[in-house]
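>>> got a predicted structure plus its sequence, pasted below:
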Amino acid sequence: MTDGAAEAIMLELVDETGQTIGTAEKLSAHQAPGRLHRAFSVFLFDDSGRLLIQQRALGKYHSPGVWSNTCCGHPYPGESPFAAAARRTYEELGVSPTLLAEAGTVRYNHPDPASGLVEQEFNHLFVGLVQAAVEPDPEEVGATAFVTAGELAERHAAAPFSAWFMTVLDAARPAVKELTGETGGW
């Protein structure tokens, strides 16, 4: 911090293959048309195979109040996506995953009509287990829920979800099925 002003949060800009090509300030990277940057998405399940989802806090500048995956965010420049995923899961939900495994990557471009911001991301996916009670940070998370595949489908039809949610879930499904077993319905 300098003179009481908050330091800018920087993101890694990447090319189409995920190679780092520079950095940009977080908000500017999300302003239309968006700049391709590194991100991560986490999907944590309980011992019953239910997915932990979160409702983003109303104070978030991007996609406030919508439901989304367990945790998502951006690594700091030079930080590994795995370390960033573990760090943000703890910061947002007050819990560390019992197991966290890489589940591939997905690249997407999702404009958010409500805010005018754009998610232009090269997203690293992670799946894992959570076996402790979550203690969400109210600045980050409005609510949490553990849901079965059927309950998620019902919620998704009835409530707003993040623009990127189905893209990252679909890309992570092979790893989710491996983690939860075919009987989980995922």
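Thanks, I have the structure now. Residues are numbered from 1 along each chain as shown.
>>> ok, and the closest non-adjacent residue to the residue positioned nearest the centre of the chain?
By CA atoms, centre = their mean, the chain has its centre lying nearest to Cys72, at 1.8 Å. Here the nearest residue to Cys72 in space, its sequence neighbours aside, is Ser41; by CB to CB, 6 or more residues apart in numbering that works out to 4.5 Å. No exception for glycine: its C-beta is placed from N, CA and C like everyone else's.
>>> which other helices and strands does the helix or strand in which that neighbour is found contact?
Element membership for Ser41, per DSSP states H and E: strand 37-45. In terms of contacts (3 or more CB pairs under 8 Å, 6 or more residues apart in numbering; DSSP states H and E), strand 37-45 is packed against strand 10-14, strand 51-56, strand 71-73, helix 81-93, strand 118-129, helix 165-180.
>>> which parts of the longest one are buried?
Going by neighbour count (16 or more other CB atoms under 10 Å), the buried part of helix 165-180 is Phe165, Thr167, Val168, Leu169, Ala171, Ala172, Arg173, Ala175, Val176, Leu179, Thr180.
>>> and which of these is nearest to Asp137?
Nearest to Asp137 among the buried residues of helix 165-180: Phe165, at 20.2 Å, using CB to CB.
>>> show me what the residue nearest to that closest one when sequence neighbours are not counted is bridged to.
Once flanking residues are discounted, Phe165 sits nearest to Ser68: 5.3 Å by CB to CB, 6+ apart. Per DSSP bridges, the residues bridged to Ser68 are Gln54.
>>> for stretch 38-47, buried residues please.
Using 16+ other CB under 10 Å as the test for burial, stretch 38-47 gives Arg38, Ala39, Phe40, Ser41, Val42, Phe43, Leu44, Phe45.
>>> from the residues you listed, pick the one nearest Glu79.
Closest approach between those and Glu79, by CB to CB: Arg38, at 9.2 Å.
>>> if the closest one is in a bridge, with which residues?
With DSSP bridges as the criterion, Arg38 is bridged to Phe122.
>>> repeat that for Val42.
Beta-bridge partners recorded for Val42 (DSSP bridges): Cys71, Phe126.
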